[in-house]
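> Show me the folded form of this:
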Amino acid sequence: MTEPILAAVDAGYAYRGGAAALSGVSLAVSPGRNVALVGESGAGKTTLLRLFLGLARPTSGAIHFDGAPLHRQRMRQYRRAVQAVFQDPYSSLDPRHRIGRIVAEPLRGLGLGADPARVTAALDAVGLPADTAGRYPHEFSGGQRQRIAIARAVVGNPRLLLADEPVSALDLTTRVRIVDLLASLCAERDLTILLVSHDLGVVAELCAETAVLERGRLVEQGPTSEVLGAPSHPYTRRLLASVPRLPA
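Down below sits the predicted model:
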């Protein structure tokens with residue numbers, strides 16, 4: 001069996017002086033099997049993503065990277081393998097810097113040097129011309145900015161992309177294009193995605209597996225076709241029933 005790249009092992013998290021935000025969550029992301037994490041606001045998705053990003057440590061259980069607990073001593077190795085794309089393309093790019101510097105940021109952080117050729121290759125991979133590198137974020141649309149954010153994430157050739165609502169701030173046509181881009185990157189770069197999303201259409205398009213969080217607990221997980229097509233848990237059924245539908 002293939003070793004998961006990243007896994008939560010009976011992970012829990014409680015904010016100081018507060019109730020548990022996560023309880024006993026076990027979820028694995030294996031190479032080539034995109035996983036979606038869904039649930040209502042407040043279900044614990046963001047907290048779990050923070051644990052996966054190493055921004056917080058579980059108060060119980062553990063986060064494993066390549067089969068071993070994720071510790072500070074392994075963070076550089078982890079950052080080479082795991083990168084993130086966030087929701088808001090307008091706030092995720094520093095307006096003071098040119099795009100070339102922004103995209104090269106992970107390379108500098110990993111001690112790889114700001115190689116212009118790698119920056120150009122990353123921009124090309126997301127459908128942007130080489131002259132993008134000399135311009136500033138304010139010169140681009142929301143969809144183009146999200147492409148730049150994705151270029152920054154993939155410039156170091158990571159194995160796993162943690163994507164937090166990457167298309168929710170975009171219009172419908174641009175969403176489709178970004179979803180198609182992510183699917184292409186997975187196929188061309190052996191990239192795997194852990195996707196946090198409220199958009200079940202995007203989940204169905206991108207992810208082979210889906211996990212459902214309710215109030216900090218994982219209540220259902222399995223192949224996306226089964227979880228969305230024939231959910232077994234009442235919460236998942238309510239979640240699906242709440243999706244807006246156009247009248248006939």
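> Surely residue 151 touches residue 125?
Yes - the pair residue 151 / residue 125 is scored as a contact, 6.8 Å apart, by CB atoms under 8 Å. (C-beta placed from N, C-alpha, C; glycine too.)
> okay, the two: which has more neighbours?
Just comparing residue 151 and residue 125: by other CB atoms under 10 Å the higher neighbour count belongs to residue 151, 26 against 18.
> The strand or helix carrying the more buried one: which residues count as buried?
In this assignment (DSSP states H and E), residue 151 forms part of helix 142-154. By neighbour count with 16 or more other CB atoms under 10 Å, helix 142-154 contains the buried residues 143-154.
> what two of these are the furthest from one another?
143 and 154 (16.6 Å; CB to CB).
> Which elements pack onto the helix holding residue 151?
strand 82-85, helix 99-109, helix 116-125, helix 172-189 (3 or more CB pairs under 8 Å, 6 or more residues apart in numbering; DSSP states H and E).
> any idea how far the last one is from the chain center?
It refers to helix 172-189. On the basis of CA atoms, centre = their mean, to the nearest Å, helix 172-189 sits 13 Å off its chain's mean C-alpha point.
> do the shortest one as well
Remark: strand 82-85 is offset 6 Å from the chain centroid, using CA atoms, centre = their mean.
> what's the answer for the third one, then?
Going by CA atoms, centre = their mean, the spacing between the C-alpha centre of helix 116-125 and its chain's C-alpha centre is 21 Å.
> Repeat that for stretch 187-194.
11 Å.
> Now do that stretch: distance from first to last residue.
End-to-end span of stretch 187-194 (CA to CA, to the nearest Å): 15 Å.
> Find the centremost residue of this structure, please.
Nearest to the mean C-alpha position of the chain, counting by CA atoms, centre = their mean, stands residue 163 at 1.7 Å.
> wait, is residue 156 part of a strand?
No - counting by DSSP: H, G, I helix; E, B strand; the rest coil, residue 156 is not part of a strand but coil.
> Give me the neighbour count for it.
19.
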